[in-house]
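Enquirer: what follows is a predicted structure for the sequence shown.
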Amino acid sequence: MSFYDPLTGLKNRRGYEDIINNLSEEDNVSVVFCDANGLKTTNDNFGHLSEDELINKIANIIRNAFIDINAKMLHYYGYRLRW
């Protein structure tokens, strides 16, 4: 079973569950949810590859925003939740 999303390289739902299951009471936790609007429009007008490229660009922006704090990033999708 994979713990990583093949598109973005970020952890997926299984990776998320692994992080949650291995937290200790001493761990500090903050959660940031982001929703990317316009993905369907991008897909409809420019195709799947353009949508994938947009998702990767968004993932990289978010990854770079948190790079200094050793954040655990993930791409959690379904019900349109992302990262």
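Expert: Nice, I can see it.
Enquirer: residues near the nearest residue to Met1 once chain neighbours are set aside, how many?
Expert: Among residues not flanking Met1 along the chain, Arg14 sits closest, at 5.8 Å (C-beta to C-beta, 6 or more residues apart in numbering). (Glycine included, C-beta is placed from N, CA and C.) Arg14 is flanked by 14 other residues according to other C-beta atoms under 10 Å.
Enquirer: from Phe3, how far off is the most centrally placed residue in the chain?
Expert: With distances taken as C-alpha atoms, centre = their mean, the residue of the chain nearest its centroid is His75 (2.2 Å). His75 is 11 Å from Phe3, where distance means C-beta to C-beta, to the nearest Å.
Enquirer: what do these two both touch?
Expert: Counting by C-beta atoms under 8 Å, 6 or more residues apart in numbering, the shared contacts of His75 and Phe3 are Lys11, Asn12.
Enquirer: circling back to that earlier point, quick check: the residue nearest to the centre of the chain touching Thr8?
Expert: Yes: taking C-beta atoms under 8 Å as the definition, His75 is a contact partner of Thr8 at 4.7 Å.
Enquirer: mind listing the shared neighbours of these two?
Expert: By C-beta under 8 Å, 6+ apart, the residues touching both His75 and Thr8 are Ile55, Ala59.
Enquirer: before we move on, back to that, just the C-alphas of the host helix or strand of the residue nearest to Met1, formatted as PDB.
Expert: Using DSSP states H and E, the element containing Arg14 is helix 13-21. Taking C-alpha atoms only, helix 13-21 is exported to PDB below (Å, rounded to 0.1, in the frame of the first residue of the first chain):
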ATOM      1  CA  ARG A  13      -4.900   9.400   3.000                       C
ATOM      2  CA  ARG A  14      -2.900   6.400   4.200                       C
ATOM      3  CA  GLY A  15       0.000   8.700   4.900                       C
ATOM      4  CA  TYR A  16      -2.300  11.000   6.800                       C
ATOM      5  CA  GLU A  17      -3.500   8.100   8.900                       C
ATOM      6  CA  ASP A  18       0.100   7.100   9.600                       C
ATOM      7  CA  ILE A  19       0.900  10.600  10.800                       C
ATOM      8  CA  ILE A  20      -2.200  10.700  13.100                       C
ATOM      9  CA  ASN A  21      -1.600   7.300  14.500                       C
END
